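Undergrad: next come a sequence and a model predicted from it.
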Amino acid sequence: MDSTVFHLNETSEKALLLTGAMRVGGHCVMKNWTYTIQSGKDYLTSQGRPELQTLVWSGEWLNCNQCILLQEMERHLDPLETHNTLNRFILYVTVPYWIIKW
C-alpha cells in the first residue's frame with residue numbers, strides 16, 4: 001500500500017462504519033468495515049466475522065492525542081482451541097484534511 005485514508009462514522013447507536021481508500025500501485029481500492037457495539041462487552045465485533053474482536057485504545061499512552069490504536073484478535077469458535085490465530089495492532093493518526101496532499 002502506498003497511502004491510505006480512513007473515515008470512521010457512527011451509523012447507528014450500536015454501529016460504526018470504517019471506510020478506507022487505499023492506494024495500491026496506480027489503483028484506488030475502497031473497503032468498508034462495519035463494527036457492532038455490544039452492551040456488556042469491552043470490544044467491538046466485525047460484521048460477518050463473529051470470531052474477530054476489536055479493542056479500541058486511546059493514543060494518550062503513546063503520547064499521541066491524535067492517535068487511536070485498534071487491537072484485532074481472532075478467537076477460535078471451537079472451545080477446545082486454546083490460542084488466538086490473530087493478534088494485530090493497527091495505529092491510526094488523525095490529521096486535518098488540509099494537511100493531506102492528494
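TA: Perfect, I can see it now.
Undergrad: how much space separates the residue minimising distance to the centre of the chain from residue 3?
TA: Closest to where the C-alpha atoms of the chain average out (CA atoms, centre = their mean) is residue 70, at 5.4 Å. Noted for residue 70: a distance of 19 Å to residue 3, by CB to CB, to the nearest Å. To be clear about C-beta, it is placed using only N, CA and C from the backbone, and glycine gets the same treatment.
Undergrad: that older thread, beta partners of the residue nearest to the centre of the chain?
TA: Residue 70 has these beta-bridge partners by DSSP bridges: residue 56, residue 90.
Undergrad: tell me the pLDDT of residue 32.
TA: The model reports residue 32 with a pLDDT of 92.
Undergrad: count of neighbours near it?
TA: By other CB atoms under 10 Å, the residues close to residue 32 number 10.
Undergrad: for it, which non-adjacent residue is spatially closest?
TA: Nearest non-adjacent residue to residue 32, counting by CB to CB, 6 or more residues apart in numbering: residue 19, 5.3 Å away.
Undergrad: and what of residue 69?
TA: residue 57 (4.1 Å).
Undergrad: quick one: contacts for that neighbour?
TA: 68-71 (CB atoms under 8 Å, 6 or more residues apart in numbering).
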